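In: My questions are about this predicted structure, shown below with the sequence.
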Amino acid sequence: MLRKVAGLLFLLLTVSFTTQADGGKIETIGAFTDQTASEQLRKTLEPKGYRVMLADGSVVCEIWLRAGAPAANKSETAGAVYTGLAESALVGVINYPKATNDFRGQAIKAGTYTLRYALHPTDGNHMGISPVRDFLVMIPLTVDQNPDAVYKFEELTKLSAKASGTNHPAVASLVMAEGAAASPTLAENEHGHLIFVAKVKTQAGTEMPIAIIVKGRAEQ
(Lines give C-alpha, C1' and ligand atoms only; values in the text may rest on other atoms or scores of the structure.)
Protein backbone atom coordinates (compact mmCIF):
# COMPACT_ATOMS: atom_id res chain seq x y z
CA MET A 1 0.00 0.00 0.00
CA LEU A 2 1.17 3.51 -0.70
CA ARG A 3 2.35 5.53 2.29
CA LYS A 4 0.19 8.44 1.12
CA VAL A 5 -3.04 6.57 1.85
CA ALA A 6 -1.89 4.12 4.50
CA GLY A 7 -2.73 6.37 7.41
CA LEU A 8 -6.34 6.63 6.33
CA LEU A 9 -6.63 3.00 5.38
CA PHE A 10 -5.55 1.60 8.71
CA LEU A 11 -6.70 4.29 11.11
CA LEU A 12 -8.29 2.91 14.25
CA LEU A 13 -9.65 5.55 16.60
CA THR A 14 -8.89 5.14 20.28
CA VAL A 15 -11.19 7.80 21.68
CA SER A 16 -14.01 6.85 24.02
CA PHE A 17 -17.63 7.06 22.94
CA THR A 18 -19.05 10.44 23.83
CA THR A 19 -22.79 9.89 23.41
CA GLN A 20 -25.39 7.36 22.54
CA ALA A 21 -26.39 7.65 18.91
CA ASP A 22 -28.98 10.40 18.58
CA GLY A 23 -32.21 8.78 17.47
CA GLY A 24 -30.59 5.79 15.79
CA LYS A 25 -31.66 2.29 16.69
CA ILE A 26 -30.93 -1.38 16.18
CA GLU A 27 -33.56 -3.94 15.21
CA THR A 28 -33.07 -7.67 15.62
CA ILE A 29 -33.66 -9.54 12.38
CA GLY A 30 -33.68 -13.17 11.31
CA ALA A 31 -30.97 -15.50 10.14
CA PHE A 32 -28.77 -14.77 7.14
CA THR A 33 -30.43 -16.62 4.27
CA ASP A 34 -28.75 -15.19 1.17
CA GLN A 35 -28.49 -18.18 -1.17
CA THR A 36 -25.49 -16.70 -2.95
CA ALA A 37 -23.53 -17.56 0.20
CA SER A 38 -22.33 -21.11 0.73
CA GLU A 39 -24.21 -23.25 3.20
CA GLN A 40 -21.02 -23.51 5.22
CA LEU A 41 -20.83 -19.74 5.54
CA ARG A 42 -24.49 -19.35 6.45
CA LYS A 43 -24.21 -21.96 9.19
CA THR A 44 -21.20 -20.16 10.65
CA LEU A 45 -23.22 -17.05 11.47
CA GLU A 46 -25.41 -16.36 14.49
CA PRO A 47 -29.10 -17.30 13.98
CA LYS A 48 -30.08 -13.64 14.20
CA GLY A 49 -28.75 -10.41 12.78
CA TYR A 50 -29.05 -6.70 13.45
CA ARG A 51 -30.42 -3.85 11.35
CA VAL A 52 -28.82 -0.46 12.02
CA MET A 53 -31.17 2.46 11.36
CA LEU A 54 -30.97 6.23 11.57
CA ALA A 55 -33.51 8.48 13.28
CA ASP A 56 -35.38 8.99 9.99
CA GLY A 57 -35.86 5.24 9.62
CA SER A 58 -33.34 4.79 6.81
CA VAL A 59 -31.25 1.63 7.02
CA VAL A 60 -27.49 2.03 7.29
CA CYS A 61 -26.65 -1.67 7.16
CA GLU A 62 -27.49 -5.14 8.39
CA ILE A 63 -24.92 -7.19 10.30
CA TRP A 64 -24.70 -10.88 11.15
CA LEU A 65 -21.88 -11.82 13.53
CA ARG A 66 -20.03 -15.10 13.48
CA ALA A 67 -21.06 -17.67 16.07
CA GLY A 68 -17.46 -18.73 16.75
CA ALA A 69 -14.70 -16.49 15.47
CA PRO A 70 -11.21 -18.04 15.38
CA ALA A 71 -9.37 -17.03 18.54
CA ALA A 72 -5.73 -16.19 19.06
CA ASN A 73 -3.43 -15.00 21.80
CA LYS A 74 -1.67 -11.94 20.47
CA SER A 75 -0.94 -10.35 23.85
CA GLU A 76 2.63 -9.65 22.76
CA THR A 77 1.68 -8.14 19.41
CA ALA A 78 2.71 -4.49 19.48
CA GLY A 79 -0.08 -2.09 18.62
CA ALA A 80 -2.84 -4.73 18.52
CA VAL A 81 -6.05 -3.97 20.41
CA TYR A 82 -8.22 -6.96 19.50
CA THR A 83 -5.64 -9.44 20.68
CA GLY A 84 -8.12 -12.31 20.97
CA LEU A 85 -8.89 -12.50 17.24
CA ALA A 86 -6.86 -14.50 14.75
CA GLU A 87 -5.58 -12.61 11.73
CA SER A 88 -7.87 -12.87 8.67
CA ALA A 89 -10.62 -14.34 10.91
CA LEU A 90 -14.14 -13.98 9.57
CA VAL A 91 -15.97 -11.80 12.09
CA GLY A 92 -19.30 -11.51 10.32
CA VAL A 93 -21.22 -10.38 7.26
CA ILE A 94 -22.53 -6.91 6.46
CA ASN A 95 -25.21 -5.92 3.96
CA TYR A 96 -25.69 -2.42 2.57
CA PRO A 97 -29.17 -1.90 1.08
CA LYS A 98 -27.91 1.07 -0.92
CA ALA A 99 -24.58 2.40 -2.11
CA THR A 100 -22.38 3.85 0.61
CA ASN A 101 -18.78 4.79 1.41
CA ASP A 102 -16.18 2.99 3.47
CA PHE A 103 -14.11 4.64 6.20
CA ARG A 104 -11.66 5.97 3.61
CA GLY A 105 -14.51 7.53 1.63
CA GLN A 106 -14.32 4.99 -1.18
CA ALA A 107 -17.58 4.21 -2.96
CA ILE A 108 -19.06 0.85 -1.98
CA LYS A 109 -21.88 -0.65 -4.02
CA ALA A 110 -25.06 -1.92 -2.42
CA GLY A 111 -24.63 -5.59 -1.56
CA THR A 112 -23.23 -8.03 0.95
CA TYR A 113 -19.66 -8.31 2.15
CA THR A 114 -17.74 -10.47 4.56
CA LEU A 115 -15.87 -8.77 7.39
CA ARG A 116 -12.40 -10.11 8.15
CA TYR A 117 -10.01 -8.98 10.84
CA ALA A 118 -6.56 -7.74 9.91
CA LEU A 119 -3.47 -6.00 11.24
CA HIS A 120 -1.48 -3.68 9.07
CA PRO A 121 2.12 -4.87 8.71
CA THR A 122 5.05 -3.35 10.54
CA ASP A 123 7.02 -2.69 7.40
CA GLY A 124 8.64 0.46 6.16
CA ASN A 125 5.45 1.65 4.49
CA HIS A 126 3.33 1.49 7.63
CA MET A 127 5.57 2.20 10.60
CA GLY A 128 4.38 5.07 12.75
CA ILE A 129 1.08 5.69 10.96
CA SER A 130 -1.04 4.76 13.98
CA PRO A 131 -0.52 3.58 17.56
CA VAL A 132 -2.86 0.66 16.89
CA ARG A 133 -3.04 -1.76 14.00
CA ASP A 134 -6.50 -3.42 13.99
CA PHE A 135 -9.19 -2.98 11.32
CA LEU A 136 -11.72 -4.94 9.26
CA VAL A 137 -11.64 -5.47 5.53
CA MET A 138 -14.78 -5.95 3.47
CA ILE A 139 -14.76 -8.60 0.76
CA PRO A 140 -17.61 -9.24 -1.71
CA LEU A 141 -19.59 -12.24 -0.53
CA THR A 142 -19.34 -13.92 -3.92
CA VAL A 143 -15.56 -14.25 -3.68
CA ASP A 144 -15.29 -15.19 0.00
CA GLN A 145 -17.34 -18.32 0.52
CA ASN A 146 -15.20 -20.32 2.95
CA PRO A 147 -15.55 -19.00 6.53
CA ASP A 148 -12.51 -20.98 7.66
CA ALA A 149 -10.19 -19.70 4.94
CA VAL A 150 -6.95 -18.21 6.22
CA TYR A 151 -5.51 -15.42 4.10
CA LYS A 152 -2.18 -13.68 4.08
CA PHE A 153 -2.35 -9.91 4.37
CA GLU A 154 -1.62 -9.40 0.67
CA GLU A 155 -4.42 -11.82 -0.26
CA LEU A 156 -6.88 -10.03 2.02
CA THR A 157 -6.15 -6.64 0.54
CA LYS A 158 -6.37 -7.95 -3.02
CA LEU A 159 -9.77 -9.55 -2.37
CA SER A 160 -11.04 -6.49 -0.54
CA ALA A 161 -10.06 -4.24 -3.43
CA LYS A 162 -12.85 -5.94 -5.37
CA ALA A 163 -15.29 -4.23 -2.98
CA SER A 164 -13.82 -0.77 -3.45
CA GLY A 165 -13.10 -1.05 -7.16
CA THR A 166 -9.74 0.63 -6.54
CA ASN A 167 -6.23 -0.51 -5.72
CA HIS A 168 -7.00 -0.26 -2.02
CA PRO A 169 -9.02 -2.43 0.37
CA ALA A 170 -12.49 -1.45 1.51
CA VAL A 171 -12.33 -0.72 5.23
CA ALA A 172 -14.82 -0.97 8.08
CA SER A 173 -12.87 0.68 10.85
CA LEU A 174 -12.75 -0.47 14.46
CA VAL A 175 -12.65 1.55 17.67
CA MET A 176 -12.01 0.56 21.25
CA ALA A 177 -14.98 -1.45 22.52
CA GLU A 178 -15.61 -0.01 25.97
CA GLY A 179 -18.53 -1.10 28.10
CA ALA A 180 -20.25 -3.35 25.58
CA ALA A 181 -23.71 -4.38 26.80
CA ALA A 182 -25.32 -7.80 26.56
CA SER A 183 -27.29 -6.64 23.50
CA PRO A 184 -25.83 -4.64 20.61
CA THR A 185 -26.02 -0.87 20.97
CA LEU A 186 -25.28 2.23 18.92
CA ALA A 187 -22.91 4.95 20.04
CA GLU A 188 -21.33 8.05 18.61
CA ASN A 189 -17.81 9.33 19.19
CA GLU A 190 -16.50 12.88 19.24
CA HIS A 191 -15.96 12.77 15.49
CA GLY A 192 -19.62 11.99 14.79
CA HIS A 193 -18.95 8.42 13.70
CA LEU A 194 -21.85 6.00 14.22
CA ILE A 195 -20.58 2.89 15.99
CA PHE A 196 -22.13 -0.57 16.25
CA VAL A 197 -21.08 -2.13 19.58
CA ALA A 198 -21.65 -5.82 20.23
CA LYS A 199 -20.03 -9.00 21.49
CA VAL A 200 -18.60 -11.65 19.17
CA LYS A 201 -18.44 -15.26 20.33
CA THR A 202 -15.07 -16.93 19.76
CA GLN A 203 -14.10 -20.55 19.26
CA ALA A 204 -12.39 -20.33 22.65
CA GLY A 205 -15.83 -20.06 24.27
CA THR A 206 -15.48 -16.41 25.20
CA GLU A 207 -17.35 -13.29 24.18
CA MET A 208 -15.28 -10.42 22.83
CA PRO A 209 -16.61 -6.84 22.69
CA ILE A 210 -16.20 -5.30 19.26
CA ALA A 211 -17.03 -1.81 17.99
CA ILE A 212 -17.36 -1.12 14.27
CA ILE A 213 -17.80 2.28 12.64
CA VAL A 214 -20.78 1.78 10.35
CA LYS A 215 -21.22 5.40 9.25
CA GLY A 216 -18.52 8.05 9.03
CA ARG A 217 -15.22 8.76 7.38
CA ALA A 218 -11.64 9.19 8.55
CA GLU A 219 -10.64 12.68 9.58
CA GLN A 220 -8.75 14.33 6.73
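Out: Here it is on my side, so go on.
In: For the protein, which segments count as strands?
Out: 17-20, 25-29, 49-53, 59-65, 90-96, 100-101, 107-108, 111-119, 134-140, 170-172, 174-175, 185-189, 194-201, 207-215 (DSSP state E).
In: partner strands of the fifth one, parallel or antiparallel?
Out: Yep, that's strand 90-96 we're talking about. strand 59-65 (antiparallel), strand 111-119 (antiparallel) (DSSP bridges).
In: angle of the last one against strand 134-140?
Out: In terms of direction (axes from the mean of the first three to the mean of the last three CA atoms, to 10 degrees), strand 111-119 departs from strand 134-140 by 150 degrees.
In: Tell me which residues are up against strand 111-119.
Out: 34, 36-37, 41, 69, 77, 79-80, 82, 85-96, 133-141, 144, 151, 153, 156, 163, 170, 172, 212 (CB atoms under 8 Å, 6 or more residues apart in numbering). Backbone N, C-alpha and C define where each C-beta goes, glycine included.
In: how about low-confidence regions in this structure?
Out: Judged by pLDDT under 70, the chain has its weakly predicted residues at 1-23, 75-76, 122-132, 179-180, 220.
In: quick check: longest helix of it.
Out: helix 153-164 (DSSP state H).
In: Just list what that one packs against, helices and strands only.
Out: Where contact means 3 or more CB pairs under 8 Å, 6 or more residues apart in numbering; DSSP states H and E, helix 153-164 is packed against strand 107-108, strand 111-119, strand 134-140, strand 170-172.
In: Dump those strands into a markdown table; add distance to Lys201 and mean neighbour count as well.
Out: Output for the helices and strands packed on helix 153-164, formatted as a markdown table (distance: least, CB to CB, whole Å; neighbours: other CB atoms under 10 Å):
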| stretch | distance to Lys201 | mean neighbour count |
| --- | --- | --- |
| strand 107-108 | 27 | 16 |
| strand 111-119 | 14 | 23 |
| strand 134-140 | 17 | 25 |
| strand 170-172 | 19 | 26 |
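In: Having no further points to raise, I will conclude here.
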